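1. Pasting the sequence and the predicted coordinates here, then a few questions.
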Amino acid sequence: MHNDRGALAPRLTTQRIPAARPVADIAADAASGLAGRPRSMPPKYFYDEHGSRLFDAICETPEYYPTRTEEALLRAHAGTIIADAGPTHIVEFGSGTARKTRHLLDAWDMSPQASVYWPFDVCEAMLLESGRELVRDYGELRVNALVGDYLGGLQGLPQLREPCLFLFLGGTIGNFTSEQATAFLREVRAIMKPQDALLLGADRVKREDLLHAAYNDNQGITAQFNLNLLRVLNRELDADFSLERFEHRASFNPLASQIEMYLVSRCDQSVHVGALEETLHFSRGETILTEISRKFTPARLEDLLARAGFAVDDHLEPDNGFFSLVLARPV
């Protein structure tokens, strides 16, 4: 662990968390996901600097309800969540810029517990930037930023004796298959103590037209976000994807209860990927699956938590039932 060498040290530190198991890089994911059929790429590659800005813009569109609905729940219930969990530490997986987390930090700042926030994400520069803002805005807060990929395992996380509140927000659990979601939550359960708690955010099943609109906004920002993956592949893998030759498609699969987002080839075409020394041949209409976003009923969400070793302590939702925040305890 080392101190950030700014005026705010020692309240801001960073620590690298080594992966406990191999984590595929973009070349390996492209080799396995693009070369075979059906084609796919993991959604984590959306989030380069440009993609992150596009996602922030998506969150501001009138059609994209998840971010503002979850944020409203956090704003309304942060005090109750902090009082019920009673944490000395808050550990957040995939913290990003911690914008929504500030509602919990506001309530925590008013509580008698010591305040140590542990954001866990892959981008050290982003963690430091948001960490500087947090320690500036919260006079007693300490930020110990964890740099790494939480999909590489959690065994390397610091062992904290005092009560912890673990956060997994944003509906990100929906980007996992059922098996992946259960496995990840079991990993979280394995590092928790009896007095710890988990706050999980999950999107809910709703009318198809609302789901469709959320991933096909009128401004076309989600389409730009999806197509930006091709820019990332071009830059990182010396590929020559033409963005004009692909289009965005997102649709709801009712059998799997999930949004499926694709890049669709507009024509028969060939794409050379220099880093793989391979040329990919696409036929017109052929797809690359870039993201799933599973939607839950309350019963399915609580069943997922039960299978991972949790009991539900509180289930918060808005009047329209669009989103869930679940506070759960290990059993």
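-> Nice, I can see it. Please read all numbers here as calculations on a predicted model, not as lab measurements.
2. pLDDT weak spots in the chain?
-> 1-9 (pLDDT under 70).
3. which residues in it form helices?
-> Taking DSSP state H as the test, the helices found in the chain are 26-33, 49-59, 65-85, 101-109, 124-137, 178-190, 208-214, 221-237, 298-307.
4. on contacts alone, who are the packing partners of the last one?
-> For helix 298-307, the elements it packs on are helix 178-190, strand 197-203, strand 310-316, strand 323-330, judged by 3 or more C-beta pairs under 8 Å, 6 or more residues apart in numbering; DSSP states H and E. (Each C-beta comes from the backbone N, C-alpha and C, glycine too.)
5. repeat for the third one
-> Helices and strands touching helix 65-85, as assessed by 3+ C-beta pairs under 8 Å, 6+ apart, comprise helix 101-109, strand 164-168, strand 197-203, helix 208-214, strand 310-316, strand 323-330.
6. how big is the angle separating the last one from strand 310-316?
-> Angle between the axes of strand 323-330 and strand 310-316 is 150 degrees (criterion: axes from the mean of the first three to the mean of the last three C-alpha atoms, to 10 degrees).
7. Just the residues contacting strand 323-330, thanks.
-> 65-66, 69-70, 73-74, 77, 81, 84-85, 171, 189, 192-194, 196-204, 296, 298, 301-302, 305, 309-317 (C-beta atoms under 8 Å, 6 or more residues apart in numbering).
8. List buried residues within the residues you listed.
-> In the contacts of strand 323-330, burial by neighbour count holds for 65-66, 69-70, 73-74, 77, 81, 84-85, 171, 189, 192, 196-204, 296, 298, 301-302, 305, 309-310, 314, 316, counting by 16 or more other C-beta atoms under 10 Å.
9. coming back round to it: export the helices and strands packed on helix 65-85 to TSV and tack on distance to Asp29?
-> Converted to TSV, those look like this (distance: least, C-beta to C-beta, whole Å):
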stretch	distance to Asp29
helix 101-109	28
strand 164-168	22
strand 197-203	24
helix 208-214	26
strand 310-316	30
strand 323-330	29
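10. closest one to Leu127 among those?
-> With respect to Leu127, and counting by C-beta to C-beta, the nearest of those is helix 101-109 at 12.5 Å.
11. Please identify the residue most distant from the middle of the protein.
-> Asp268 (33.8 Å; C-alpha atoms, centre = their mean).
12. That one and Glu244: what is the separation?
-> 15 Å (C-beta to C-beta, to the nearest Å).
13. Also Leu169?
-> 35 Å.
14. More neighbours: the two, which one.
-> For Leu169 versus Glu244, neighbours defined as other C-beta atoms under 10 Å are more numerous around Leu169 (24 against 9).
15. Contact partners for Gly153?
-> Per C-beta under 8 Å, 6+ apart, neighbours of Gly153: 19-21, 187.
16. Show me the domain layout of the chain.
-> 12-22+59-207+296-330, 27-42+220-294 (automatic domain parsing).
17. Any chance of JSON lines for these, columns distance to Ala214?
-> Below are these laid out as JSON lines (distance: least, C-beta to C-beta, whole Å):
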{"stretch": "domain 12-22+59-207+296-330", "distance to Ala214": "5"}
{"stretch": "domain 27-42+220-294", "distance to Ala214": "8"}
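18. What about Gly207, how many residues nearby?
-> For residue 207 the amino acid is Arg, not Gly. Applying other C-beta under 10 Å, we find 9 other residues in the vicinity of Arg207.
19. Could you do Arg161 as well?
-> Other residues within reach of Arg161, judged by other C-beta under 10 Å, total 9.
20. roughly how far apart are it and Gln195?
-> 10 Å.
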